[in-house]
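**Student:** Could you look at this predicted model? Sequence included:
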Amino acid sequence: MRAGLVVSLIGHVGAVLMTLLAWEASSSLPREGVAVVPIEIVDMAPEANVRALALDVPDEEVAPQDEEETRPNEAQPTPAPNASPRRPQPRTQDDEFNLADADQFIDRQRDAGQRRQDGAPADRNQRAAGLGTAERASLEGRIATIVRSELQRCWRTVADMQDPERLRVTLAFRLNRDGSLNGQPRVVSPTNYTFDPQMAEAVNRALRAVRTCDPIDRLPEDPIVGEYFDVWREQEVTFGLRVQ
Amino acid sequence: MIRKIFAALAVIIATALAAPAQAQVRVSVEDGHLNPMPIAVVDFMGGNTAAQQVGRDVAGVIRANLERSALFRPIASSAFIERIQALEVPPRFADWKIIDAQGLVVGQVTPLPDGRVRIDFRLYDVFAESQMTGFTYSTTPDNWRRIAHRISDQIYEQLTGERGYFDTRIVFVSESGPRTRRVKRLMIMDQDGANPFFLTSADAMVLTPRFSPSTQMITYMSFETGAPRVFLYNLETNRREVLGDFPGMTFSPRFAPNGGGIVFTLDMNGNSEIFTMDLRSRARQRLTNHAAIDTSPSYSPDGSQIVFNSDRGGSPQLYVMNANGSNQRRISFGEGRYSTPVWSPRGDLIAFTRQGGGRFAIGVMRPDGSGERILTESYLDEAPTWSPNGRVIMFFREGRGTGARLWSVDLTGRNLREIPTQTDASDPAWSPLLP
């Protein structure tokens, strides 16, 4: 009986001590761990930390679903716009302008990126995440050249309109991975042109240029910037005569 | 607490670093094109054979109007993939994108029980996949041309943002006969040269017809009563009248923008001065008083100013004054002799004839005289008149030993075209849009 009592007491004391230890351990967790921080980072920039994870995933499989879902007129039984034959796209001198320089520059950047990854190839879709300011500026310069040369082929200039210098229109639009429009272009400026027929026509010409040039497939096909979808997916284009 | 702050800062910094991955690329597009817009105009459908013919004719006139403007390039019907079967069914836009049509025009002609026809049309923006406009007109079958012009104007307005000019007419001087006995009669026709007919007989020579910018009235100079006189012609009532009884010659008449007055030149003992006359009260006012020749006045569209021609500086040049005659100032300073100034309906330009080096040119300049541009030049180009939207200028051209013909050129100096006329033609005047 006594022996049982002693065993029982020892058992209970042990249980209480174990509980206290566990309590202590659990109560110290919030103070020690800043575990919420990584969760936050992952939540707001999912593409920033997954380079290594996505190494062997083919492009098609990592394509975000939301882009396909937000495409306009997806439900309509009309053939996809990219089914249409492409008009010949004369390349301007601008296209060739910094091609060699940019090639070398990007190659150097690629090598550096590879070394940082200990020989592992960087993910095609996340390359922009590792770019420095200068590299990014160079990429954006080439992207701008491509977009400009494409859109000016489709843009009916306002040069023939009254006071054309004031008719500047800025549109914002998103692109899909294949260079096609994702949703409708948005008029950033002017903000109010309802009672300004000339400006309304300038807006129409800008919208028509973006729609007519859809898709800008030179972006995904470009040997240098094609892989940097994250850099060229969002565009803000200003249409207007050169300000003297 | 401090750790939490650091954690929050870390999040903010991480956000800032990650954000550029989604930033917009900013592009500036400054060089565009002015190529004609490809547009598909389908023959309008018809309920019976006669209606089908009207449908084909209407579509043909629309295509011709749009093509002549040089702002559009109608696509050949043989390239069409979709065959439009019903107006109520939206087109298959992909089929029209493939042939690069940016606009699509479809329509239908329906005979009505009272003998008239109803003409419906729809204009689609192919790449926006939306209907831009649609109208229904009812008219007598023989009036289909006007409907075609009105539809052309609707299309033009929707796709360029400017008023059209197809439902308009041209009045001009029809010339025939040998040079020694030239017969000059007033003639009127649609802007595309269709439906021409004479307004005056062959008995009296007429000159300088001018359309009212706001009414269906014409003013012109005629020798009908012996001495040259300014006449008024009301196209709706078909009535003519002499503008006042003045002691000398009256010429170079032109309407005020509201159609309620005339500005003209009165020659008194060899001195030409500019006068205005109110058409209701017939009260007249002298605007210039100079020993030199002052002539060819033309109002600005707001009626506040008048451009005119004067040789007070030694050679014919262009001058601008306020509508009451004050603040007269010279605006042309180029080489050559300037004449026949006409203020654009848009107000931003003045068209003129410039003579120099044995050639005549049609040009434009701003009302302050800046930005002079020559649009066309030849042995003899003269007498510009503006389309009501201020985009096209019509004039007459005469070659060495050849008769005068009407030509048009757009504001950029492109798209020079001859307007078909049955006889030689000079002194064109463009009407406002028909009511």
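**Tutor:** Sure, I can see it.

**Student:** Show the contacting residues for the residue of the stretch 51-200 of chain B found nearest chain A.
**Tutor:** Residue of the stretch 51-200 of chain B nearest chain A, by CB to the nearest CB: residue B:161 (2.5 Å). Yep, even glycine has a C-beta here, placed from its N, CA and C like the rest. Applying CB atoms under 8 Å, 6 or more residues apart in numbering or on different chains, we find residue B:161 in contact with A:161, A:197-198, A:200-202, A:204.

**Student:** you'd agree residue A:165 is in a helix?
**Tutor:** Yes: checked against DSSP: H, G, I helix; E, B strand; the rest coil, residue A:165 lies within a helix.

**Student:** which one is it nearest to, not counting chain neighbours?
**Tutor:** residue A:241 (5.6 Å; CB to CB, 6 or more residues apart in numbering or on different chains).

**Student:** mind checking pLDDT for the one you found?
**Tutor:** For residue A:241, the model assigns a pLDDT of 91.

**Student:** That one reaches residue A:161, doesn't it?
**Tutor:** No: the pair residue A:241 and residue A:161 does not pass the contact test of CB atoms under 8 Å, sitting 9.8 Å apart.

**Student:** Between those two, which contacts overlap?
**Tutor:** In contact with both residue A:241 and residue A:161: residue A:167, using CB under 8 Å, 6+ apart.

**Student:** Which of the two has more residues huddled nearby?
**Tutor:** residue A:161 (20 against 17; other CB atoms under 10 Å in any protein chain shown).

**Student:** any idea which helix or strand carries whatever residue of chain A ends up closest to chain B?
**Tutor:** Nearest residue of chain A to chain B: residue A:201, at 2.5 Å (CB to the nearest CB). Taking DSSP states H and E as the criterion, residue A:201 maps to helix A:197-212.

**Student:** packing partners for that helix?
**Tutor:** With contacts defined as 3 or more CB pairs under 8 Å, 6 or more residues apart in numbering or on different chains; DSSP states H and E, helix A:197-212 has these neighbours: helix A:133-154, strand A:169-175, strand A:181-189, strand A:234-239.

**Student:** pLDDT-wise, which helix or strand of chain A ranks last?
**Tutor:** One helix or strand of chain A scores below all others by mean pLDDT, DSSP states H and E: helix A:36-44, with a mean of 32.

**Student:** one step back: separate out the buried members of the contacts of residue B:161.
**Tutor:** In terms of neighbour count (16 or more other CB atoms under 10 Å in any protein chain shown), the buried residues within the contacts of residue B:161 are A:161, A:198, A:201-202, A:204.

**Student:** Past the helix holding residue A:201, which element shows up next along the chain?
**Tutor:** helix A:218-221.

**Student:** and that next one, what other elements does it pack with?
**Tutor:** Here helix A:218-221 touches helix A:133-154, going by 3+ CB pairs under 8 Å, 6+ apart.

**Student:** Mind checking if the helix it packs on is in reach of chain B?
**Tutor:** Yes: Helix A:133-154 reaches chain B (CB under 8 Å from any CB of the partner chain) through A:136, A:140, A:143-144, A:147-148, A:151-153.

**Student:** In TSV: those residues, plus pLDDT and neighbour count.
**Tutor:** Shown next, in TSV, are the residues of helix A:133-154 next to chain B (pLDDT from 0 to 100; neighbours: other CB atoms under 10 Å in any protein chain shown):
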residue	pLDDT	neighbour count
A:136	80	18
A:140	89	21
A:143	94	22
A:144	94	19
A:147	95	25
A:148	95	20
A:151	95	23
A:152	91	20
A:153	91	20
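
**Student:** can you redo those residues as JSON lines with distance to residue A:216?
**Tutor:** Below are the residues of helix A:133-154 next to chain B laid out as JSON lines (distance: CB to CB, whole Å):
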{"residue": "A:136", "distance to residue A:216": "20"}
{"residue": "A:140", "distance to residue A:216": "15"}
{"residue": "A:143", "distance to residue A:216": "10"}
{"residue": "A:144", "distance to residue A:216": "12"}
{"residue": "A:147", "distance to residue A:216": "6"}
{"residue": "A:148", "distance to residue A:216": "11"}
{"residue": "A:151", "distance to residue A:216": "8"}
{"residue": "A:152", "distance to residue A:216": "12"}
{"residue": "A:153", "distance to residue A:216": "11"}
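
**Student:** Between which two of these is the distance greatest?
**Tutor:** In terms of CB to CB, the residues of helix A:133-154 next to chain B reach their longest pairwise distance at A:136 and A:153, which sit 26.3 Å apart.

**Student:** before we move on, what SS does residue B:85 have?
**Tutor:** Assigned with three-state DSSP, residue B:85 falls in the coil class.

**Student:** residues in contact with the residue lying closest to it once chain neighbours are set aside?
**Tutor:** Spatial nearest neighbour of residue B:85, chain neighbours left out: residue B:45 (8.0 Å); criterion: CB to CB, 6+ apart. Applying CB under 8 Å, 6+ apart to residue B:45 gives the contacts B:52, B:55, B:84-87, B:106-109.

**Student:** Now the buried members of those.
**Tutor:** B:55, B:84, B:87, B:106-109.

**Student:** out of these, which one sits closest to residue B:153?
**Tutor:** Nearest to residue B:153 out of the buried ones among the contacts of residue B:45 is residue B:107 (CB to CB; 14.4 Å).

**Student:** Tell me what that closest one is bridged to.
**Tutor:** residue B:121 (DSSP bridges).

**Student:** Quick check: it touching residue B:61?
**Tutor:** No: between residue B:107 and residue B:61 there is no contact under CB under 8 Å: 11.9 Å.

**Student:** low-confidence ranges in chain A?
**Tutor:** For chain A, the stretches with pLDDT under 70 are A:1-7, A:16-130, A:244.

**Student:** same question but for chain B, I mixed them up
**Tutor:** Ranges of chain B meeting pLDDT under 70: B:1-23.

**Student:** Helices of that one, start to end?
**Tutor:** Secondary structure of chain B (DSSP state H): helices located at B:2-18, B:49-69, B:93-98, B:144-160.

**Student:** Could you provide these in a markdown table, with additional columns for distance to residue B:319?
**Tutor:** Below are the helices of chain B laid out as a markdown table (distance: least, CB to CB, whole Å):
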| stretch | distance to residue B:319 |
| --- | --- |
| helix B:2-18 | 64 |
| helix B:49-69 | 33 |
| helix B:93-98 | 53 |
| helix B:144-160 | 34 |
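
**Student:** Can you tell me which of the buried ones among the contacts of residue B:161 is nearest residue B:326?
**Tutor:** Closest approach to residue B:326 among these (CB to CB): residue A:198, at 31.6 Å.

**Student:** any idea how far residue A:168 is from that closest one?
**Tutor:** Distance from residue A:198 to residue A:168, counting by CB to CB, to the nearest Å: 12 Å.

**Student:** Now the closest residue to the residue of chain A closest to chain B other than its chain neighbours. Its backbone dihedrals?
**Tutor:** If the residues on either side of it in the chain are set aside, residue A:201 comes closest to residue B:161, at 2.5 Å by CB to CB, 6+ apart. Per-residue torsions, residue B:161: phi 80, psi 0 (degrees, to the nearest 10).

**Student:** ok, residue B:161 to residue A:227 distance?
**Tutor:** 40 Å.

**Student:** Same question for residue B:106.
**Tutor:** 44 Å.

**Student:** Could you give the number of residues near the residue nearest to residue B:371 when sequence neighbours are not counted?
**Tutor:** Distance criterion CB to CB, 6+ apart; nearest residue to residue B:371, sequence neighbours excluded, is residue B:365 at 5.9 Å. For residue B:365, the count of nearby residues is 24 (other CB under 10 Å).
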